[in-house]
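1. Sharing a model that was predicted from the sequence below.
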2 protein chains.
Amino acid sequence: MRTEYCGLTDTRFLGQTVTLYGWAHRRRDHGGVIFIDLRDREGLVQVVCDPDRKETFAAADSVRNEFVLRVTGLVRRRPEGTVNTDLKSGEIEVLAHEIEVLNPSVTPPFMMDDEQISEEVRLKHRYLDLRRPAMQRILRMRHKTSRAVREYLDDNGFIDVETPVLYKSTPEGAREFLVPSRIHDGQFYALPQSPQLFKQILMVAGYDRYYQIVKCFRDEDLRADRQPEFTQIDIETSFLSEREIQDIMEGLIRHVWKRVLDVDLPPFPRLTYAEATSKYGSDKPDLRVKLELTELTDVVKDAGFKVFKSAAELKDGRVAALRVPGGNEQFTRKELDDLAPFVAIYGAKGLAYIRVNDPTKLNEEGLQSPIVKFLSPEILGKIIERTGAKAGDVLFFGADRRKVVNDAMGALRAKVGHEKGHAEKAWRPCWVLDFPAFEYDEESKRWAAAHHPFTSPKDEHVQFLDSDPSKVLAKAYDIALNGWELGGGSVRIHRAEIQAKQFATLGIGAEEQRAKFGWLLDALAFGAPPHGGIAFGLDRMVAMLAGVDQIRDVMAFPKTQRGQDLMVETPTPVTEKQLRELHIRLRN
Amino acid sequence: MRTEYCGLTDTRFLGQTVTLYGWAHRRRDHGGVIFIDLRDREGLVQVVCDPDRKETFAAADSVRNEFVLRVTGLVRRRPEGTVNTDLKSGEIEVLAHEIEVLNPSVTPPFMMDDEQISEEVRLKHRYLDLRRPAMQRILRMRHKTSRAVREYLDDNGFIDVETPVLYKSTPEGAREFLVPSRIHDGQFYALPQSPQLFKQILMVAGYDRYYQIVKCFRDEDLRADRQPEFTQIDIETSFLSEREIQDIMEGLIRHVWKRVLDVDLPPFPRLTYAEATSKYGSDKPDLRVKLELTELTDVVKDAGFKVFKSAAELKDGRVAALRVPGGNEQFTRKELDDLAPFVAIYGAKGLAYIRVNDPTKLNEEGLQSPIVKFLSPEILGKIIERTGAKAGDVLFFGADRRKVVNDAMGALRAKVGHEKGHAEKAWRPCWVLDFPAFEYDEESKRWAAAHHPFTSPKDEHVQFLDSDPSKVLAKAYDIALNGWELGGGSVRIHRAEIQAKQFATLGIGAEEQRAKFGWLLDALAFGAPPHGGIAFGLDRMVAMLAGVDQIRDVMAFPKTQRGQDLMVETPTPVTEKQLRELHIRLRN
């Protein structure tokens, strides 16, 4: 067995003979001596081969990049001036007595410390891509993360229970994968998009605190940020209030950041959904950005400017401003004009702005903008007052349906904030609470669950389930971190009669309820405790911790859409024989 | 929040007011006072409701079995003579100040401490079945087991890496589930039967030590001992010898038994496959059984008894005896006769036996059996000598192809051993080593891999890959425990040219190798380290630790073939619409 990993061989071993295993990272001849940087998952160590030892030298001479070696040799101090302080092993070197080539390597398509490698090459040679220290760091951090999660939950009385991967298709499973079974003629399993109902069943069954780090599935287009299989940290608890659940989950995230990054996260501020969307235009606000939206809907209701006035008069309309302090100097005219197509992505029809030259002059001299002439000094004054605009600022305006204004101005806030120095470099988590329970679907003319149909309404809003679902807020909560949704959950309905009522609100009649959810209503009727939980996306969490953008960079074997010869490839056509066995066939 | 779990509320809380949550396990009136046993996952506590507190008493009076309650009350000592030493809470009771019914329950189909419940009822009301303390104990033991596994592996430098559930179908995946993808027209993913190749890739990628507790899948008939999805503890290491891998894995099992059961397992004896099958008729011998098979093939080669002689003359024939000390008194004639149909299950055509009255008399008086007259005193003498038979013993004989003799006599050994007191009550693990690498498939007239095609031959047997595959032993090893295979693994081939050679032995030509395993051969050519690993079945391991027979009793939501209305049911017919979306349709 090895004496120590290459990267951890240091002065503890001075004067000792060690046996090391690893890959030849680089080999170089220098004054008739061969130097091999031997690499393993812990790092590099320098091996020196003297021409005096003929056999060993010959072996060293045959070594090429990525050859696999066993090296036995004497640990000695590096000569003065050659110490490498970047390496743990940087004070020593190993004088080789014996070198065995355990496996040669053909020439690799890239070096393990290359940084510019095309994604196609990386995915094609995934076994080499994963060998790069950069990828090893990420996957080890992933393990560290799941360990920290388990450590916290184990210590807090949570029980890890495995739920099925193959299960019965759910009524709402539009994007479910279906899995035909050979032994059940013409029947199909489904793959879960989440173990939601299983964890609720476990609460009914008295497990009190459940967790699982579990694969979930979604049959959707691949995107940079989305994979058909993803990993969820799935949690459920009984007998706790919304706030008690949140405190435990906040503790979990704080524990993970401490363990993995040695970072003490600040306490999580608590925003309602209404506050978050009003101030930040987002239900996952990036609190690193110091800019805020200012509500102007009431101010511009009577404005002469039609764009503002008509938006303010819409039932779900909103007018809001984004103030960028010092923006007047930061933005060129061209930059300002380029922001209109940016907000158009989110459905905004244009982007009005005012350069604030002198906020005391409520005219086109003090406030430089084509829209100023359409606004009375009174309204301009209120805008200046409400936004707190100062000389040198820029004000941006959004006026449209509420959703469009929030999406567009929220995105603008984040973009301008990061690009123009209005954001700090920090971890800024927060809770977002009191989400609306329902969304009205214009197409089907029905109320749909904003979260899922098992989410409990606020107690005081149960009365509105029949009369006005738009008034119902849910016991639902998210954790947002730097503009990403880290996790989300809710208190669930634990009483059968309220669940039935909520199904009715969603347009699911008594008969359909029985057919589709009869077993759930039964389970709730047999003594279900109050319960609630949360789910975190592990992939996104690791990506944030590791500081990488793409979800697929935190997965060992992600799905791709390139090259048919990849092992890690997207699905493969099956043979006629396989299909016959499955009693199905391709549609012509 | 609760002050403490019901089952853990004890004398620490004497004189204090506590808040408890739980289920009404039983309610009884006794002299005008109501007693409720309140139950949660940690156990029971006795709640006392005095008629003095009218409101509380009324609430208590409404309580039925499995109602969910919040109870606030004073902890006091139980009156003398009513202490229950079976309970942690048995010295105290809680005088209720306030009882809130959080959820009522309809009358459950069984009591939570019932022991005789039909499996159909259990599976139909799985949320209640799982609420039974018996099931909670098992699922918590399952968590304890996986925790112990992770603890040991984490502490020994193993990295948990997630491999895909959806991946490319493998060439040998006869029992693979296929998963059609909506977004890839007419293409299918497969579900893995094991992450074997992914873990080898991770070794090629330099991760050095990998593990995963991972779901695997097999599209086969349901049996008591087999589920279409099962959980595997999957492990791989680099740069270790067979023996070094085994020592680490033995340490893992020892750690698990210590942590979960507080049992110190003995060191694992090491048997070769040849020894195990010869002495115990099994490659997963139950070493609790003190009986052994005695080899007689050479002894009876020249016997006049045709059944023995012809078996001994077969190329793969075997004749063996099982000696049961004191069996003469233990077995009635009927019992002996009933053993013939038992061994017939394993293909044996009959079961010869001798009652040993007096081993010094080599005739029908000393040796009572219809076969004695066909055997010469010389051969009988050798049989007595070889088996060590004493007066009062019974000798059973198997004579057939080796496989039939081993299976039949191995099963007979276990049965007789346990039923007639020749087995100890103990944990008796062992290693079984040096498995044959190949099995000849008479049907296809080809050599097949006994383990899998990536298993390394013994170094000294590589030379026989071309000439005589029957001579090749593999670097393959199993851990057997009390007659079950706990896990199995092997050193893998790490050199591309030997892998290619082994594929050729299996009848896979160069072109087919390239098409099916090109990426593996490539990976091996880019500097694969020597590597090997093991996989344990978690379900079986937990079943053994928990002392239950059926695999499905250690799963929260097993698959069943009963009742179409079960949530946990086997697959479900899908709608025409779903099939249309999948571009497949049922075969008419």
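-> The structure has been received and is ready for your questions.
2. What strand or helix carries the residue in the stretch 301-450 of chain A that chain B sits nearest to?
-> Closest to chain B within the stretch 301-450 of chain A is residue A:444: 15.8 Å, counting by CB to the nearest CB. C-beta here means a position set from N, CA and C on the backbone, and glycine is covered the same way. Using DSSP states H and E, residue A:444 is not contained in any helix or strand.
3. What does the pLDDT read for it?
-> At residue A:444, the predicted lDDT confidence score is 87.
4. and what of residue A:550?
-> For residue A:550, pLDDT reads 88.
5. ok, back up a step: got phi/psi on the residue of the stretch 301-450 of chain A closest to chain B?
-> phi -90, psi 0 (degrees, to the nearest 10).
6. what about the strands in the stretch 451-588 of chain A?
-> Using DSSP state E, counting those that start in this stretch, the strands of the stretch 451-588 of chain A run over A:476-481, A:484-491, A:531-537, A:584-586.
7. okay, those strands in JSON lines with mean pLDDT next?
-> Converted to JSON lines, those look like this (pLDDT from 0 to 100):
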{"stretch": "strand A:476-481", "mean pLDDT": "98"}
{"stretch": "strand A:484-491", "mean pLDDT": "97"}
{"stretch": "strand A:531-537", "mean pLDDT": "98"}
{"stretch": "strand A:584-586", "mean pLDDT": "49"}
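8. just so I know, which of those lies nearest chain B?
-> The nearest among these, by CB to the nearest CB, is strand A:584-586 at 4.8 Å.
9. mind checking which helix or strand the residue nearest to residue A:367 when sequence neighbours are not counted is in?
-> Leaving aside its chain neighbours, residue A:367 sits nearest to residue A:354 (5.0 Å; criterion: CB to CB, 6 or more residues apart in numbering or on different chains). Assigned by DSSP H and E, residue A:354 belongs to strand A:352-356.
10. and that strand, what does it pack onto?
-> Secondary-structure packing of strand A:352-356 (3 or more CB pairs under 8 Å, 6 or more residues apart in numbering or on different chains; DSSP states H and E): helix A:327-330, strand A:367-368, strand A:394-401.
11. Run the chain-centre distance for it.
-> 35 Å (CA atoms, centre = their mean, to the nearest Å).
12. coming back round to it: give the contact list for the residue nearest to residue A:367.
-> By CB atoms under 8 Å, 6 or more residues apart in numbering or on different chains, the contact set of residue A:354 is A:367, A:368, A:369, A:371, A:372, A:389, A:394, A:395, A:397.
13. Can you give me the pLDDT of it?
-> With respect to pLDDT, residue A:354 has a value of 96.
14. Bridge partners for it, pull those for me.
-> In this entry, residue A:354 is beta-bridged to residue A:395, by DSSP bridges.
15. quick one: residue A:349 and residue A:398 touch, right?
-> No: the criterion here is CB atoms under 8 Å, and residue A:349 misses it with residue A:398 at 10.0 Å.
16. what sits against the residue of the stretch 301-450 of chain A closest to chain B?
-> Contacts of residue A:444 (CB under 8 Å, 6+ apart): none.
17. where's it relative to residue A:513, distance?
-> Distance, residue A:444 to residue A:513, using CB to CB, to the nearest Å: 18 Å.
18. got a list of contacts for whatever helix or strand residue A:245 lives in?
-> Assigned by DSSP H and E, residue A:245 belongs to helix A:242-261. The contact list for helix A:242-261 (CB under 8 Å, 6+ apart) reads A:141, A:144-145, A:147-149, A:151-153, A:156, A:235, A:237, A:240, A:263-265, A:267-268, A:427, A:429, A:431, A:433, A:475, A:477, A:479, A:481, A:486-487, A:489, A:491, A:532-534, A:541, A:545, B:1.
19. No more questions from me, cheers.
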